[in-house]
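Peer 1: Have a look at this prediction, sequence included:
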Amino acid sequence: MTDHLTRYAAEFIQGTQLADLPQGVVVLGKKHILDGLGLALSGGASHCGELVRKHLNELGLGPGPATVIGTSKKIAPRFAAFANGVGIHADDYDDTQLAVATDRVYGLLTHPTAPALPAALAMAEATGASGAAAMLAYHLGVEVECKISEAINPRHYQAGFHSTGTCGTFAAAAASARLMGLDVEATQRALSIAGSQSAGLRENFGTMTKPFHAGRSSESGVAAAQFASYGWTATDRILEAPRGFFSAAGGGYDAGAIAGKLGRPWTFAEPGVSIKPHPSGSLTHPGMTEMLRLLREHDIKAKDVVRVRVGTNQNMPNALIHHRPRNELQAKFSMEFCMAILLLEGRAGLNEFTDEVVLRPDVLQMIEKVDFVVDPEAEAAGYHLMTTLIDIELTGGRHVKGRADFGKGSPAMPMSYEEVAGKFRENAEFAKFPAKQAEAVIAMVRDFESLPKISTLMALLAR
């Protein structure tokens with residue numbers, strides 16, 4: 001099978017039926033779909049969303065079948081996938097794949113929904129597909145993306161590739177190919193065309209180009225499937241070839257992580273995918289979850305805080321690089337800001353991650369009280385964990401301490417459908433989206449696979 005990995009993936013994409021998914025995976029998928037839709041609304045209302053719409057308008061596109069969520073615009077599927085992919089990832093508030101292998105830094109790999117869901121929705125609208133067909137395509141995209149990300153050598157991410165942008169392209173191609181009804185050979189070519197568009201560099205973290213990666217990967221996957229359907233030629237072994245994706249982008253791969261493993265088990269089931277409770281980098285979430293617990297349990301007041309020490313392993317500061325953030329995008333990758341805003345406000349949602357809040361004098365002063373350091377205990381726990389140790393020094397010399405390896409929303413501390421619905425409402429409210437429509441979306445996604453046409457849901461998400 002290792003000599004035919006691309007064909008194996010194509011056969012999985014075209015041969016799997018919705019009935020093959022465990023019911024628990026279907027239920028989990030609905031939470032992540034609802035989460036993604038809410039993020040497309042709030043991300044579309046961000047400055048990123050505004051600039052994306054400016055770009056789409058300047059392209060002079062005619063009307064098309066696919067909805068740009070939160071707007072009245074319907075355009076060609078690839079461009080709707082781009083806009084909605086950027087929106088889902090704009091606030092860095094979207095879900096995160098956990099790793100199986102313990103040598104994966106942070107135990108994190110991709111943001112799987114941002115590339116997969118927009119492609120599935122756009123192509124489902126374009127083909128008149130049902131909710132069941134769209135759901136299956138989404139799951140297939142996520143699974144292919146996650147197993148590819150699991151298999152590629154860790155060097156891929158460590159050297160600077162953004163796996164959501166690179167591996168996500170395969171997710172979008174897989175979802176689109178399934179909805180278009182491509183045969184196995186055409187699906188192989190779609191994956192290969194996608195592989196040649198795989199891109200995204202981590203140096204752009206903390207800028208608008210990070211969500212651009214997600215949008216472009218979704219768009220590229222849609223385009224890859226479309227070109228494959230025309231008969232566009234490409235290699236039939238883009239994954240495993242010596243000059244293919246795994247070798248060129250990672251210097252190799254672990255065949256045992258993908259060969260025979262698609263859907264065995266489904267990544268949603270094991271090791272799982274986390275949903276974010278805060279619009280910041282995942283590496284901040286264990287610490288934020290623990291900080292909130294300590295604040296509640298010990299009734300800590302900001303005025304009583306003398307110093308805060310946050311200890312992690314040495315790899316986490318390599319991503320949380322903004323120690324003195326000057327805007328909300330930098331704040332998403334600042335452990336200091338995330339701790340400071342919780343101490344001051346007791347919450348950290350979309351309304352707290354704004355340029356105005358980041359530059360508030362009291363926030364800047366609290367940031368100066370936070371020391372973000374490498375801790376031997378966190379280092380010893382292993383790089384596959386996000387172990388975070390907190391030591392809050394209060395007036396009078398009292399210390400309050402805590403430790404967390406995972407954050408709220410992870411499989412270890414999952415969010416219920418109702419909790420995700422609460423996050424959806426927050427995102428919809430932030431986007432000034434009508435509350436009545438928001439409630440209708442929540443109810444419809446709960447019964448997603450029963451929708452006769454996905455267009456019914458997409459009409460609710462337009463305005």
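Peer 2: In hand now; what should we look at? Residues are numbered from 1 along each chain as shown.
Peer 1: ok, the nearest residue to Ala45 once chain neighbours are set aside - how many residues close by?
Peer 2: Spatial nearest neighbour of Ala45, excluding adjacent residues (Cβ to Cβ, 6 or more residues apart in numbering): Ala431 at 3.9 Å. (Glycine included, C-beta is placed from N, CA and C.) Counted by other Cβ atoms under 10 Å, the residues lying close to Ala431 total 24.
Peer 1: Settle this for me: Ala431 is touching Thr71, isn't it.
Peer 2: No. Ala431 is beyond contact range of Thr71, at 10.3 Å (criterion: Cβ atoms under 8 Å).
Peer 1: can you list residues touching both of those two?
Peer 2: Common neighbours of Ala431 and Thr71, using Cβ atoms under 8 Å, 6 or more residues apart in numbering, are Gly44.
Peer 1: re the thing from before, contacting residues for the residue nearest to Ala45?
Peer 2: Contacts of Ala431 (Cβ under 8 Å, 6+ apart): 41-42, 44-45, 70.
Peer 1: For it, what are phi and psi?
Peer 2: Here is the backbone geometry of Ala431 (degrees, to the nearest 10): phi -80, psi 0.
Peer 1: pLDDT at it, what is it?
Peer 2: Per-residue confidence at Ala431 stands at 97 (pLDDT).
Peer 1: hang on, the earlier thing: by neighbour count, which of the contacts of Ala431 wins?
Peer 2: Neighbour-wise, those (other Cβ under 10 Å) top out at Leu41, 29 neighbours.
Peer 1: which residue sits closest to it, ignoring its sequence neighbours?
Peer 2: Distance criterion Cβ to Cβ, 6+ apart; nearest residue to Leu41, sequence neighbours excluded, is Ala431 at 4.3 Å.
Peer 1: got it, and Gly29?
Peer 2: Leaving aside its sequence neighbours, Gly29 sits nearest to His139 (Cβ to Cβ, 6+ apart; 5.7 Å).
Peer 1: And the host helix or strand of that neighbour, what's buried?
Peer 2: Assessed by DSSP states H and E, His139 sits inside helix 131-151. Along helix 131-151, these residues count as buried under the neighbour rule (16 or more other Cβ atoms under 10 Å): 131-151.
Peer 1: Ok, stretch 297-308 next?
Peer 2: In stretch 297-308, counting by 16+ other Cβ under 10 Å, buried: 300, 302, 305, 308.
Peer 1: Including secondary structure, pLDDT and distance to Leu51, could the residues you listed go into JSON lines?
Peer 2: As requested, these are exported to JSON lines (DSSP: H, G, I helix; E, B strand; the rest coil; pLDDT from 0 to 100; distance: Cβ to Cβ, whole Å):
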{"residue": "Ile300", "secondary structure": "coil", "pLDDT": "98", "distance to Leu51": "39"}
{"residue": "Ala302", "secondary structure": "helix", "pLDDT": "98", "distance to Leu51": "35"}
{"residue": "Val305", "secondary structure": "strand", "pLDDT": "98", "distance to Leu51": "38"}
{"residue": "Val308", "secondary structure": "strand", "pLDDT": "98", "distance to Leu51": "36"}
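Peer 1: picking up where we left off before, quick one: the residue nearest to Ala45 from Met135, how far?
Peer 2: To Met135, Ala431 is 24 Å away according to Cβ to Cβ, to the nearest Å.
Peer 1: show me where pLDDT drops low in the chain?
Peer 2: Residues of the chain meeting the criterion pLDDT under 70: 1, 104-107.
Peer 1: Domain boundaries for it, per the record?
Peer 2: Following automatic domain parsing, one gets these domains for the chain: 2-277+415-460, 282-404.
Peer 1: is it fair to say Arg309 lies in a strand?
Peer 2: Yes. The assignment for Arg309 is a strand, going by DSSP: H, G, I helix; E, B strand; the rest coil.
Peer 1: who's the residue nearest to it when sequence neighbours are not counted bridged to?
Peer 2: Using Cβ to Cβ, 6+ apart and skipping residues adjacent in sequence, the residue nearest Arg309 is Asp391, 4.2 Å away. Here Asp391 sits in beta bridges with Arg309, Lys401, going by DSSP bridges.
Peer 1: residues touching Asp391, list them.
Peer 2: 308-309, 311, 399-401.
Peer 1: Following element in sequence after the helix holding His139, please.
Peer 2: helix 155-158.
Peer 1: circling back: out of the buried residues of stretch 297-308, who's nearest Ser198?
Peer 2: When the buried residues of stretch 297-308 are compared for distance to Ser198 (Cβ to Cβ), Val308 wins out at 39.9 Å.
Peer 1: shouldn't the closest one be in contact with Leu342?
Peer 2: No. Contact criterion Cβ under 8 Å: Val308 and Leu342 do not qualify, at 10.0 Å.
Peer 1: Now do the helices in the stretch 301-450 of the chain.
Peer 2: Here the stretch 301-450 of the chain has its helices, by DSSP state H, counting those that start in this stretch, at 328-331, 335-345, 355-358, 361-367, 376-381, 417-430, 435-446.
Peer 1: closest to Gly260 out of the ones you listed?
Peer 2: For these, proximity to Gly260 was assessed by Cβ to Cβ; helix 376-381 is nearest, at 31.0 Å.
Peer 1: Can you tell me how far Ile258 is from Lys210?
Peer 2: Distance of Ile258 to Lys210, computed by Cβ to Cβ: 26 Å.
Peer 1: again with Pro271
Peer 2: 24 Å.
Peer 1: Compare these two and say which one has the larger neighbour count.
Peer 2: Lys210 (27 against 19).
Peer 1: what about the nearest residue to the more buried one once chain neighbours are set aside, how many residues close to it?
Peer 2: Nearest non-adjacent residue to Lys210, counting by Cβ to Cβ, 6+ apart: Asn204, 5.5 Å away. Asn204 sits with 16 neighbouring residues when counted by other Cβ under 10 Å.
Peer 1: which residues does Asn204 contact?
Peer 2: Counted by Cβ under 8 Å, 6+ apart, Asn204 has contacts 162, 210, 212-213.
Peer 1: Could you tell me which of the residues you listed belong to helices?
Peer 2: Secondary structure from DSSP state H places 210, 212-213 of the contacts of Asn204 in helices.
Peer 1: would you turn those into CSV with distance to Leu28?
Peer 2: Listed next are the ones in helices among the contacts of Asn204 as CSV, based on distance: Cβ to Cβ, whole Å:
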residue, distance to Leu28
Lys210, 25
Phe212, 28
His213, 25
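Peer 1: For Leu182, state which of those residues is nearest.
Peer 2: Closest to Leu182, out of all of the ones in helices among the contacts of Asn204 and judged by Cβ to Cβ, is His213, at 25.1 Å.
Peer 1: Touching, that closest one and His162? I think so.
Peer 2: Yes. The pair His213 and His162 passes the contact test of Cβ under 8 Å, sitting 5.1 Å apart.
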